[in-house]
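S.K.: could you work out the structure for the sequence below:
(one chain, ligands or ions: 1)
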Amino acid sequence: MLNEIKGGLIVSCQALEDEPLHGSMIMAKMAKAAKWGNAVGIRANSVEDIQAIKNEVDLPVIGIIKREYPESEVYITPTKAEVNELLSTGVDMIAIDATNRKRPNGGRVDQLVRHIQANRCLVMADISTFDEGVEAAKLGVDCISTTLSGYTPYSRQQRGPDFHLLEQLVRELNMPIIAEGRIQTPEEAKKAIELGAHAVVVGSAITRPQLITHTFAEKLKQ
Ligand SMILES: CC(=O)N[C@H](C=O)[C@@H](O)[C@H](O)[C@H](O)COP(=O)(O)O
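M.R.: Now for the predicted structure:
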């Protein structure tokens, strides 16, 4: 799969319960649209959405389950329970939060990585800082994604993509680094590839029309 996605665009098709496009059928159509547009992969949340997407398109899928636990801020595939649900769908890769924050039920990132790989599935480590990337690399994950930069209180906070983190990871780690998070334009996606990203994940700018509409409407008010 990593060869298949090299240099390409992965579209994140996600709409949570509080979003207007929530629903597996709609996410499957989003994935179909992404395929028609030449995306090389899909990132998706929940067993229902992943199953619907896999029935609609034959692209590789990176699966996550967003679930909140009371005692932890980790919400992207936080525990073995979510990993097992994802494994049942036959996804090609599972993305997990690999930040060094406290995890629910005293779980550890290394245990999740081993469990996923033992089930012959690839692991994407969603990290927020360079140090977290180095830690994830040591655990033998299959790729690292800049997904959580700006979403942990201690990581770089900025409006656009974290190209600085991307460059640092590409320079220091000899493994596939995925650019993800706040990529808004084709030019930014291209820049990420030029900086050495293995592939680029774009979500909101393609699949969250309420946010796209907002950008247009706000511009007209200026
Ligand atoms: C921080 C977090 O929870 N990110 C989530 C991870 O799966 C998604 O909500 C994002 O849409 C995805 O990472 C793509 O990013 P963007 O939508 O900015 O292109």
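S.K.: what residues are up against the one residue in the chain that gets nearest to the ligand?
M.R.: Going by C-beta to the nearest ligand atom, the ligand is nearest to residue 203 of the chain, at 2.8 Å. (Glycine included, C-beta is placed from N, CA and C.) The neighbourhood of residue 203, defined by C-beta atoms under 8 Å, 6 or more residues apart in numbering, consists of 11-14, 43, 180.
S.K.: now with 7 Å, please.
M.R.: 12, 14 (C-beta atoms under 7 Å, 6 or more residues apart in numbering).
S.K.: strands of the protein, start to end?
M.R.: With DSSP state E as the criterion, the chain has strands at 9-13, 41-45, 61-64, 93-97, 122-126, 143-145, 177-180, 199-202.
S.K.: and residue 161, how far is that from residue 203?
M.R.: Residue 161 is 12 Å from residue 203, where distance means C-beta to C-beta, to the nearest Å.
S.K.: within range of the ligand, give me the residues from this protein.
M.R.: When proximity is defined as C-beta under 6 Å from any ligand atom, the chain approaches the ligand at 12, 14, 64, 76, 147-148, 151, 180-183, 201-205.
S.K.: 5 Å instead?
M.R.: 12, 147, 151, 181-182, 202-204 (C-beta under 5 Å from any ligand atom).
S.K.: now these in JSON lines, with pLDDT?
M.R.: Formatted as JSON lines, the residues of the chain next to the ligand follow (pLDDT from 0 to 100):
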{"residue": "12", "pLDDT": "98"}
{"residue": "147", "pLDDT": "98"}
{"residue": "151", "pLDDT": "98"}
{"residue": "181", "pLDDT": "98"}
{"residue": "182", "pLDDT": "98"}
{"residue": "202", "pLDDT": "98"}
{"residue": "203", "pLDDT": "98"}
{"residue": "204", "pLDDT": "98"}
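S.K.: of those, closest to residue 123?
M.R.: Relative to residue 123, the closest of the residues of the chain next to the ligand is residue 147; by C-beta to C-beta it sits at 13.2 Å.
S.K.: just give me the neighbour total for that closest one.
M.R.: Number of residues near residue 147 (other C-beta atoms under 10 Å) recorded here: 27.
S.K.: hang on, the earlier thing: any common contacting residues for residue 161 and residue 203?
M.R.: Counting by C-beta under 7 Å, 6+ apart, nothing touches both residue 161 and residue 203.
S.K.: quick one: contacts for residue 54?
M.R.: 61, 89.
S.K.: kindly recompute the last result at 10 Å.
M.R.: 28, 31, 42, 44, 60-61, 63, 89-92 (C-beta atoms under 10 Å, 6 or more residues apart in numbering).
S.K.: if any of these are buried, put those into a ChimeraX selection.
M.R.: Buried subset of the contacts of residue 54, written as a ChimeraX selection, criterion 16 or more other C-beta atoms under 10 Å:
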select :28,31,42,44,60,61,63,89,91,92
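S.K.: just the pLDDT for the spatially closest residue to residue 109 that is not a sequence neighbour.
M.R.: Distances taken as C-beta to C-beta, 6 or more residues apart in numbering place residue 98 nearest to residue 109, at 5.1 Å, with adjacent residues excluded. Here, the pLDDT recorded for residue 98 equals 98.
S.K.: surely residue 98 meets residue 145?
M.R.: Yes - with contact defined as C-beta atoms under 10 Å, residue 98 reaches residue 145; the gap is 9.1 Å.
S.K.: what is in contact with the two at once?
M.R.: Joint contacts of residue 98 and residue 145 (C-beta under 10 Å, 6+ apart) are 124-127, 133, 136.
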